[in-house]
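the following comprises the amino acid sequence and a computationally predicted model.
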Amino acid sequence: MPSCSDCRVGIVPVARVQDLHVHSELSYCAEKGLAPEFYAGKISSCTNGAPELVCITDHSMAAYFPEDIAWKWEFISDSSIFDAWRDSGNEKLAKHIALLKSLSGRGVSAGIETEMMDDGRLCFDPAFADKLDIVIGSVHFLPPVPHEEIFGSWLSHTMRLMNSGIDILGHPFRWIAAKIEIGEDTVSSVVAEAKRCGVALELNSHYRHPREDIMMLRACAEAGAKVTIASDSHRKEEFGDYSYHMDIMEKAGYSLPGYGLVKTAIRH
Ligand SMILES: [Zn+2]
Ligand SMILES: [Zn+2]
């Protein structure tokens with residue numbers, strides 16, 4: 001790993017970040033041509049605040065489904081859709097993981113961002129679990145329910161998701177915060193469950209929810225729960241900018257020594 005005394009975030013020199021959530025062109029929503037090699041190159045050249053390590057966590061739904069199935073909630077409630085696409089998805093995912101592993105000496109880890117289906121299974125073949133350094137579980141959509149049931153449906157899904165074998169809960173409050181204003185009690189109960197089951201919570205800058213993120217950091221510090229840094233990069237220019245994370249940490253009451261709060265959740 002190169003030394004990097006020039007790595008800076010804003011005006012503050014920092015210990016180099018471990019960015020545990022970025023996408024490559026395997027994900028339909030990522031910039032075309034955004035190859036895993038891009039991240040390896042940035043890390044080895046140590047430019048523009050490049051982190052010391054990156055985990056490439058493409059959407060499992062992109063490995064398993066064509067685009068018109070991937071970004072819909074139906075496979076969450078009907079997991080037979082996953083079973084129908086499992087074999088072709090396994091082939092695609094195996095090739096992708098092999099590519100990521102070939103970059104492991106260049107600061108790249110192999111991960112995945114996945115959904116939990118209503119039957120409790122994560123949306124990738126468990127045969128890959130041992131080959132992945134990090135599994136991020138996220139909510140991007142849930143089966144529709146009446147408005148008054150949205151909060152309960154999200155909370156119960158999130159609690160189950162944290163007990164499904166994931167390492168990190170991706171953008172923990174993004175989905176619900178876009179629909180309903182949540183309070184500190186909700187944040188605290190999610191953080192307490194994360195702490196109980198050893199799941200890290202993610203400070204994610206792709207879509208920004210400073211109110212919820214500040215509450216989350218404070219609750220994590222109080223509970224001793226793990227936090228990870230995520231640019232959730234979908235485009236090249238997003239990678240290497242950790243100014244949001246530093247700003248939120250400062251607003252939550254952490255000066256740089258508090259940066260020790262941020263720990264990697266890498267398995268091995
Ligand atoms: Zn996501
Ligand atoms: Zn993502």
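Yes, it's here. Ligands and ions are numbered 1, 2, ... in the order given.

how about the nearest residue to F38, chain neighbours excluded?
Beyond its immediate neighbours in the sequence, the residue positioned closest to F38 (CB to CB, 6 or more residues apart in numbering) is K236, lying 6.3 Å away. All C-beta spots, glycine's among them, are computed from the backbone N, C-alpha and C.

let me see the contact set for that neighbour.
31, 34, 38 (CB atoms under 8 Å, 6 or more residues apart in numbering).

wait, the second one touches S24, no?
Yes - L34 sits in contact with S24 when judged by CB atoms under 8 Å, with a separation of 5.4 Å.

helices of the protein, start to end?
Taking DSSP state H as the criterion, the chain carries its helices at 36-45, 60-64, 67-70, 74-77, 80-101, 150-162, 174-177, 184-197, 210-223, 243-251.

show me what the last one is packed against.
Contacting helix 243-251 under the criterion 3 or more CB pairs under 8 Å, 6 or more residues apart in numbering; DSSP states H and E are the following elements: strand 8-9, strand 200-204, helix 210-223.

cutoff 6 Å now
Here helix 243-251 touches helix 210-223, going by 3 or more CB pairs under 6 Å, 6 or more residues apart in numbering; DSSP states H and E.

measure the residue minimising distance to the centre of the chain to ligand 1 for me?
Ranked by distance to the mean C-alpha position of the chain (CA atoms, centre = their mean), the top residue is G170 at 3.9 Å. Going from G170 to ligand 1 by CB to the ion, to the nearest Å gives 5 Å.

contact partners for that residue?
Contacts were defined as CB atoms under 6 Å, 6 or more residues apart in numbering; by that measure G170 touches 113, 136, 138, 202.

need the contact list for the second one.
Listed by CB under 6 Å, 6+ apart, the contact set of I136 reads 21, 57, 113, 168, 170.

pairing partners for it in the sheet, please.
For I136, the residues forming beta bridges with it (DSSP bridges) are E113, I168.

need the pLDDT of it.
The predicted local confidence for I136 comes out at a pLDDT of 97.

what's the pLDDT at the closest residue in space to L217 that isn't next to it in sequence?
Counting by CB to CB, 6+ apart, A252 is the residue found nearest to L217 once chain neighbours are left out, at 3.9 Å. The predicted structure scores A252 at 88 on the pLDDT scale.

is it true that A252 touches A219?
No - using CB atoms under 6 Å, A252 is not in contact with A219; the gap is 9.6 Å.

residues contacting T114?
By CB under 6 Å, 6+ apart, the contact set of T114 is 60, 122-124.

follow-up on the earlier one: what residues are up against the residue nearest to L217?
Contact analysis of A252 by CB under 6 Å, 6+ apart lists 214, 217-218.

many thanks, we can stop here.
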